[in-house]
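1. Sharing a model that was predicted from the sequence below.
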Amino acid sequence: MIYFDNSAASYPKPDMIIDNVKRIFKNYSFNIGRGGYLPSLKTAEKVYEVRELVAEMFGFKSENIAFTKNCTEALNCAIKGIAEKGDNFIISPFEHNSVIRPLNKLKCEGIADYSVAAYSKNKTEFISNFKVLIKSNTKAIICTHTSNVFGIKTPVKELGKLCKEKGIYFILDASQGAGICDINKKRDNINILCSSGQKSLYGPNGTGFIAVSDGIKLNTLTEGGTGSNSLDIKQPDFMPDRLESGTLNSFGIILLGCGIKFINKHGIDAIYEHEMHLIKRLYSMLYDNKDVSLYTPYPESGNSMPILSLNYKDYSSEKTASVLTEYGICTRGGYHCSPLAHRTMNTLEKGTVRISPGYFNSLRECEQFYKVLKKI
């Protein structure tokens, strides 16, 4: 099998994760914050260790990291957590449904509205397209780090600076950048960062987190048991308990920590360079094939991520992906839960086939993929 769907979930997982599964499940399958017995306390220590790893990677305080079941939940916590009657939000033209659908619900309920900044290949113009949409009631700019469909990086640092100048929040969906690119709260002026754990952080499915700057108190989506202030029927007003009702996925969180340790061992820059080397090779091969329609700009280091979208001949994207599967090649065809991105790049008619190699892929696999494609 050749796995080119790392934008959905990384595969394979590093050996240091796989080798630890049995040990973690055996030793840390205990509810934290609910028991004073040693196994529970040791599980809590391991979970706290992962908070520190996440905090160090992105520049937040460990107590401001709350674990979620995925990035969608984290983004819902962020968006609905700050939204008030009459608010306006600005989003990029590449947002995932995990941003658009919560905002649409707020709009339908008459709580808040949102605007979409027009895309421009010119960075200065693209930033200006956000700036002109800022109004007196704008609460935040919400932006994906990278389009999950086309691999286009958004100007995160510049947008963070703009938000700081205008006194509004900057919420970053880091799912397609976390673990591959250096992302920093202070340098990039990020107020709230949301991410999944199963993609380039190498954690298991069902993991994610939200990181919040000091001074931001989010309204809650869920209330319940936290193991703290149990005699008080009000939800705790402090992080991370405020956003962590119910039993945490301690097993998955600890495995996520193993993934971050793997990244720290090998280096984000090295991981990025390897994956970009692969995507550039794929792009070069595909560019010369008259049967291939490429929608992703040429992947430039620093401005792109290892993702590209294409269609083949007159086939639907689902058909191309299905045929590739018959040859043992895993890609994703369709709309990738991001209709806004497809509208932006004029690919709504058929969607696209998304290719997203990872750290464990090789040039040989890229060449094998291209040979198979030409047979279709």
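-> Perfect, I can see it now. Numbers count the residues shown, from 1 in each chain.
2. burial of residue 224, as a residue count?
-> 10 (other C-beta atoms under 10 Å). The way it works is simple: take the backbone N, C-alpha and C, and place the C-beta from them, glycine included.
3. Find the residue closest to it in space, skipping its chain neighbours.
-> Using C-beta to C-beta, 6 or more residues apart in numbering and skipping residues adjacent in sequence, the residue nearest residue 224 is residue 245, 3.6 Å away.
4. Roughly how far does the one you found sit from residue 51?
-> Residue 245 is 17 Å from residue 51, where distance means C-beta to C-beta, to the nearest Å.
5. Those two: who's more crowded?
-> With neighbours defined as other C-beta under 10 Å, residue 245 and residue 51 compare such that residue 51 has more, 22 against 17.
6. Can you tell me how far the more buried one is from residue 241?
-> When residue 51 is compared with residue 241 (using C-beta to C-beta), they lie 12 Å apart.
7. Would you confirm that the residue nearest to residue 224 contacts residue 223?
-> Yes: the pair residue 245 / residue 223 is scored as a contact, 5.8 Å apart, by C-beta atoms under 8 Å.
8. that older thread, look up the pLDDT of the residue nearest to residue 224 for me, please.
-> Each residue has a pLDDT score; the one for residue 245 is 93.
9. now swap in residue 302 and tell me
-> Predicted confidence (pLDDT) at residue 302: the value is 91.
10. before we move on, what about residue 36?
-> The pLDDT attached to residue 36 in the predicted structure is 82.
11. The stretch 201-350 of the chain: strands as residue ranges?
-> 208-212, 292-294, 308-312, 329-330, 332-334 (DSSP state E, counting those that start in this stretch).
12. Can you say which of those strands is packed in most?
-> When neighbours are counted by mean count of other C-beta atoms under 10 Å, the highest per-stretch mean among the strands of the stretch 201-350 of the chain falls to strand 208-212, a mean of 29.
13. what does the average pLDDT come to for it?
-> Regarding strand 208-212, the rounded mean pLDDT is 98.
14. got it, and stretch 139-158?
-> Mean pLDDT, computed over stretch 139-158, is 98.
15. Kindly report the same for stretch 6-20.
-> pLDDT averaged over stretch 6-20 gives 96.
16. Can you show me the CA trace of it as PDB?
-> Written as PDB, here are the backbone C-alpha positions of stretch 6-20 (Å, rounded to 0.1, in the frame of the first residue of the first chain):
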ATOM      1  CA  ASN A   6      -1.800  12.200   5.500                       C
ATOM      2  CA  SER A   7      -3.900  15.300   5.500                       C
ATOM      3  CA  ALA A   8      -6.700  13.200   6.900                       C
ATOM      4  CA  ALA A   9      -4.600  11.100   9.300                       C
ATOM      5  CA  SER A  10      -0.900  10.300   9.300                       C
ATOM      6  CA  TYR A  11       0.000   6.700   8.500                       C
ATOM      7  CA  PRO A  12       2.000   4.800   9.500                       C
ATOM      8  CA  LYS A  13       2.500   6.000  13.000                       C
ATOM      9  CA  PRO A  14       6.100   6.100  14.300                       C
ATOM     10  CA  ASP A  15       7.400   2.900  15.900                       C
ATOM     11  CA  MET A  16       7.800   4.700  19.200                       C
ATOM     12  CA  ILE A  17       4.000   5.100  19.300                       C
ATOM     13  CA  ILE A  18       3.100   1.700  18.200                       C
ATOM     14  CA  ASP A  19       5.600   0.100  20.600                       C
ATOM     15  CA  ASN A  20       4.100   2.000  23.500                       C
END
